[in-house]
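Participant: sharing a model that was predicted from the sequence below.
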Amino acid sequence: GAGVSQSPSNKVTEKGKDVELRCDPISGHTALYWYRQRLGQGLEFLIYFQGNSAPDKSGLPSDRFSAERTGESVSTLTIQRTQQEDSAVYLCASSSRLAGPLLDTDTQYFGPGTRLTVL
Amino acid sequence: RKEVEQDPGPFNVPEGATVAFNCTYSNSASQSFFWYRQDCRKEPKLLMSVYSSGNEDGRFTAQLNRASQYISLLIRDSKLSDSATYLCVVRGGGFKTIFGAGTRLFVKA
């Protein structure tokens, strides 16, 4: 079946512009994560959605960053008034997170990412 | 102190060698542990989960030491195709997942 897809694959924008990144998770996956990966660095957790529960926004670096998800489907990550330090690959992952004793089998499947360049 | 720390490497090893990576984590309440693999300019993919009793998958063995708060990954009989960055991943009782910065491995012919 289809994996996680993200669009656009590449985005070049000017400083101060707003950008919107899209993630289509694997069908049936209730959990969705957004990460940021700067060049040569590890993944930085941004936000987590689980079903209809309130999202965990603890990783968002500033109020310029926001994300939405409609039910258990598409998610969008919006960055307002982009800055050069926002340049990175933004990765989305989904999982069929289960409660209870199967927590340790929560495999995250990643999309190919959106490479954002802020000039 | 970072929540998850790894030696960035790079580790340069010949084919057939055995190589081991360690990862330490700071949150003693962490519950789930994983190793992911990331190839250059690609997305991460799960290599294996790490269980308390230790687990093996072919040439790969993962160990967890809760008392010392570290996780290890052992790769035996290294192949050229094992060249990648290996990411240590830790999750606590909540939803937040912490990735280490990764250890780079180069396997040479």
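Facilitator: The structure has been received and is ready for your questions.
Participant: the nearest residue to residue B:22 once chain neighbours are set aside: neighbour count?
Facilitator: Nearest residue to residue B:22, sequence neighbours excluded (C-beta to C-beta, 6 or more residues apart in numbering or on different chains): residue B:72, at 5.1 Å. All C-beta spots, glycine's among them, are computed from the backbone N, C-alpha and C. Using other C-beta atoms under 10 Å in any protein chain shown, residue B:72 is surrounded by 17 other residues.
Participant: quick check: closest non-adjacent residue to residue 4.
Facilitator: Since you didn't name a chain, this refers to chain A. residue A:111 (3.7 Å).
Participant: wrong chain, I was asking about chain B
Facilitator: Going by C-beta to C-beta, 6+ apart, residue B:4 has residue B:100 as its nearest residue, at 4.1 Å.
Participant: next one: residue A:92 from residue A:6, what distance?
Facilitator: 5 Å (C-beta to C-beta, to the nearest Å).
Participant: overlap of the contact sets of these two?
Facilitator: Common neighbours of residue A:92 and residue A:6 (criterion: C-beta atoms under 8 Å, 6 or more residues apart in numbering or on different chains): A:23, A:111, A:113.
Participant: most neighbours out of those residues, which is it?
Facilitator: Tallying neighbours with other C-beta under 10 Å puts residue A:23 at the head of the shared contacts of residue A:92 and residue A:6, with 27 neighbours.
Participant: around chain A, pick out the residues from chain B.
Facilitator: By the rule C-beta under 8 Å from any C-beta of the partner chain, the part of chain B lying against chain A is B:31-34, B:42-46, B:49, B:51, B:87, B:91, B:94-102.
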